[in-house]
Structure formats: C-alpha cells, structure tokens
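1. Just a sequence and a predicted model for now, questions to come.
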There are 2 protein chains.
Amino acid sequence: MPRIDLGAIEQTNRTGYPMPWAAEMSGRLYRRLAEAAGITDFGVSHVTLEPGGISSQRHWHEGEDEFVVILSGEAVLVEEGGEAVMRAGDCAAFPKGAPNGHHLVNRSGGDCVFIAVGKVAMSDCHYPDIDLHLDGATGGYTRKDGTPY
Amino acid sequence: MPRIDLGAIEQTNRTGYPMPWAAEMSGRLYRRLAEAAGITDFGVSHVTLEPGGISSQRHWHEGEDEFVVILSGEAVLVEEGGEAVMRAGDCAAFPKGAPNGHHLVNRSGGDCVFIAVGKVAMSDCHYPDIDLHLDGATGGYTRKDGTPY
C-alpha cells in the first residue's frame, strides 16, 4: 500500500554536522520517507522537533530548493528577514541560490511535526551564523576557511 | 518572506481533462505553490477537496514520483490494492512506473486539505478506470486507442 506506515520507518536524530554543531541537533527526530517508500525524484523527511529543537543550523543551499509544511504544533521560522511563527497547515519555500539562511526553532512547550521536501544536497551550503560550510563537491563539512574539523 | 501567504495565491478548479472526465473535478480546488514561491526542483500543490471531490481521475505515471500528506479532514485513498482512509498527518507515496492507479476521494461531510508533491508530467499517464490516456510526448489527452477527444 502506498499509504506510509510511519511507525515502520526508523526515526533518528543522527546528523552529519561536526561537533560542536551536532550537539544542538538532539531534539530533531526524523524519518526519511522517500527512500522507504521507493521514490527518488525528491527527498521527503518527516520531522519531529522537540521543545528547544532546531530543524538544522541556519543555512541556505546554492543548488537545491526546499519546501516545508507544518503538520502539528508550532515552530518559529528564523531567516534573514526576521521571524515568523508557523503552525499546522503553514507552508514555506526556500528557493535555491537565495542567500537567505533559514531554519525552524521550536520555542513552544510541545512537539512540532513537519514535512520537509528537497533534493540531496549536491551544491555548497552556507551557514551564516557559525563557522561551518558544506562543500558540495565532496559532501563534507569544513570551517569557512576550508580547513577540516 | 519564505513563509507562503496562501491567500495571495490563486485557487482554481481548472483541469486539463477532456469532457466528460473534467466534470468530476469541480470539487478539487488547488493552489500551485512552487511557482508562486519561486522553486522549480519539484511541484507543490495545496489542494482542498470538497465533499464528493476527487484528487484526480485514478491514474499512475510512468516517469514521475508523487507524494501526498493530509493536512486536515479525511479522504479515502483508492488504489489497485484496495482503499485506506487518510487523515491529518497521514502520508502516501506513489513510485513512478508502478502500475497502481490511485486517487483520493472525499466521502466525508467536510473539506479535506492536502499537499501533493511531484514533477511536471513528461511521461505517459495511465487511467485504468476510464477511456483516457496522457501522451507524455505531446502532453495531450487521448482515448486509449490514441484517437483525440
């Protein structure tokens, strides 16, 4: 059945970020739905942000569009232009190449669940707030000056 | 702001289906979010199915994956393998090339709102229940024997 059994898909809070940036990701629990469901045109993550959790370090991708829709709870969308509270049914899109670092922060007392759609990052990703850079060519994280962690 | 103002995006029940299949689509109101938000890697539709509405004629794509997540209300997912009620937070995925015709039918007394993600159909699309075929090469609808409507 194409209806996805979420409970049958591993939920994890793994992250590829190096320390210390990885430590802030413990409250982001996600399931990779696309691979589990056999689709490859785009990725889909089902994410639960616990209170205090962040969806990612604030970032923007040079080459990949992103879309999010909130399913339940609320989170604050933080970006260059300011902040906006997002609740169930609210949507946001982040066009590739727009230098507008963004992430969701759960400042509420309950979980926030959302769906994120995007492609696997094959381009550089920029982190305006922290000394971190994703090199699209290697898929590896470095400091902004290119030196390794 | 990347947060999408749904009210600023045209909502329509237009369809490319020929008659008589178009007539059944009047209860499907949708907004095209991706174009409005400036993303192109995939399409995103915000759909309101009124009571009695169907998301599409039951179909499957040879070359495009699809993903849906229910935001509110409920609808019945109808596919080859049977039926499943889907409610807020439920997700389904339809891998390209899998000959499993599917659509959502709103048999409830209230609206059902969902998000659908996919790419523009560039391949043939099959409609197992009705005498309709989408020719991916031309983007046009024909009868199953190839004759025009």
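-> Sure thing, it's come through. Values in this document were obtained by computation on a predicted structure and should not be read as measured data. Numbering: from 1, shown residues only, chains lettered A, B, ... in the order given.
2. Are there helices or strands packed against whichever strand or helix holds A:Val85, and which ones?
-> Assignment of secondary structure by DSSP states H and E places A:Val85 within strand A:82-87. Strand A:82-87 makes packing contacts with strand A:66-72, strand A:74-79 when contacts are defined by 3 or more C-beta pairs under 8 Å, 6 or more residues apart in numbering or on different chains; DSSP states H and E. Where C-beta positions appear, they are placed from N, C-alpha and C, glycine not excepted.
3. Relative to B:Pro18, which of those is closest?
-> Using C-beta to C-beta as the criterion, the shortest distance between B:Pro18 and the helices and strands packed on strand A:82-87 is 31.1 Å, found for strand A:66-72.
4. What strands line up against the closest one, and which way round?
-> Taking DSSP bridges as the criterion, strand A:66-72 forms sheet pairs with strand A:91-94 (antiparallel), strand A:112-118 (antiparallel).
5. Take those and lay them out in JSON lines including mean pLDDT.
-> Conversion of these to JSON lines gives the following (pLDDT from 0 to 100):
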{"stretch": "strand A:91-94", "mean pLDDT": "98"}
{"stretch": "strand A:112-118", "mean pLDDT": "98"}
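6. Output those strands as a markdown table; include the columns mean neighbour count and distance to B:Asp135.
-> Output for those, formatted as a markdown table (neighbours: other C-beta atoms under 10 Å in any protein chain shown; distance: least, C-beta to C-beta, whole Å):
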| stretch | mean neighbour count | distance to B:Asp135 |
| --- | --- | --- |
| strand A:91-94 | 23 | 31 |
| strand A:112-118 | 22 | 28 |
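7. ok, back up a step: just the helices and strands packed on strand A:82-87: most buried one?
-> Neighbour counts (mean count of other C-beta atoms under 10 Å in any protein chain shown) averaged over each of the helices and strands packed on strand A:82-87 peak at strand A:66-72, with a mean of 23.
8. Dump it to CSV, restricted to CA.
-> Taking C-alpha atoms only, strand A:66-72 is exported to CSV below (Å, rounded to 0.1, in the frame of the first residue of the first chain):
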residue,chain,number,x,y,z
GLU,A,66,13.4,23.3,-0.2
PHE,A,67,9.7,23.2,0.9
VAL,A,68,8.2,22.7,4.4
VAL,A,69,4.7,22.3,5.7
ILE,A,70,3.8,22.1,9.4
LEU,A,71,1.6,19.2,10.4
SER,A,72,1.1,19.9,14.1
